[in-house]
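Student: sequence first, predicted coordinates after that:
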Amino acid sequence: MDPLTTLHRREFLKTSTGLLTGLVAAGSSLALLAPGRAWAVDLTALSSAEAATLLVVARTIAPHDKLDDAAYALVIQAVDGDASKDDKTRQMIREGVASLGAGFPGSPESERVEALKKMEASGFFQSMRLKTLQVLYSNPIAYAYFGYEGEAFSKGGYLFRGFNDLRWLPEVPLADSGALPA
């Protein structure tokens, strides 16, 4: 048996916490490790190595150090879904990943940013940027990270439920608030 497959779960979690980890669990699925949790995304068009590189691309495009990899994994799932529906999209993604090189995921952030800046006008980068922004910032994992409670209409609106509950902003003096004097 291959030494990589005999790695015990506890050892694996201990050595890889906080890092992007792609494993082939069954067929073409990508297991991504988020702090304290294991997340899996089923892949239909991309390999786990391509998905791991794309996850680092998404993290480089929209870097949030403490945001779980699971939120970025949803981006990769969406990209994989697009690639599975269209051969041209699949080819563009594969060529884009190949042009980044095998060392891209492990390189320092500054080098990853430079590599992506060089391909900023490419269809691959624009597609990844758009999909990252669309999917990353519209999922409940990111909502929880940023403190967004979701839409308010179904919960009675903002006026009586959290209109002024921004604890991370300093209190504005009454004179500067624009309130009319009594």
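Tutor: Alright, I've got the coordinates. Numbering: from 1, shown residues only.
Student: lowest confidence element among the helices and strands of the protein?
Tutor: Least confident helix or strand, the chain: strand 29-34 with a mean of 37, by mean pLDDT, DSSP states H and E.
Student: tell me how far Trp168 lies from Met128.
Tutor: Plainly put, Trp168 is 30 Å away from Met128 if you go by CB to CB, to the nearest Å. Just so you know, the C-beta spots here come from the backbone N, C-alpha and C atoms, and that holds for glycine as well.
Student: these two - which one has more neighbours?
Tutor: Met128 (25 against 5; other CB atoms under 10 Å).
Student: tell me how far the helix or strand containing the more buried one lies from the chain's centre.
Tutor: Using DSSP states H and E, Met128 sits within helix 123-136. Averaged C-alpha coordinates place helix 123-136 at 11 Å from its chain's average position (CA atoms, centre = their mean, to the nearest Å).
Student: neighbouring contacts of that helix?
Tutor: 54, 57-58, 61-62, 71-72, 74-75, 78-79, 82, 89, 92-93, 95-96, 99, 116, 119, 142 (CB atoms under 8 Å, 6 or more residues apart in numbering).
Student: restrict those to the buried ones and give me that as a ChimeraX selection.
Tutor: Selection of buried members from these for ChimeraX, criterion 16 or more other CB atoms under 10 Å:
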select :54,57,58,61,62,71,72,74,75,78,79,89,92,93,96,116,142
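Student: so which of the contacts of helix 123-136 belong to helices?
Tutor: 54, 57-58, 61, 71-72, 74-75, 78-79, 82, 89, 92-93, 95-96, 99, 116, 142 (DSSP state H).
Student: roughly how far apart are Asp86 and Ala49?
Tutor: 21 Å.
Student: show me what contacts Asn139?
Tutor: Neighbouring residues of Asn139 by CB under 8 Å, 6+ apart: 71, 74.
Student: mind doing that once more with 10 Å?
Tutor: Contact analysis of Asn139 by CB atoms under 10 Å, 6 or more residues apart in numbering lists 70-72, 74-75, 78, 145.
Student: tell me the pLDDT of it.
Tutor: The per-residue pLDDT reported for Asn139 equals 90.
Student: next up, the contacts around the residue nearest the centre of the chain.
Tutor: Geometric centre of the chain, nearest residue: Tyr72, 1.8 Å, by CA atoms, centre = their mean. Counting by CB under 10 Å, 6+ apart, Tyr72 touches 20, 32, 34, 39, 41, 54-59, 61-62, 64, 132, 135-136, 139, 141-142.
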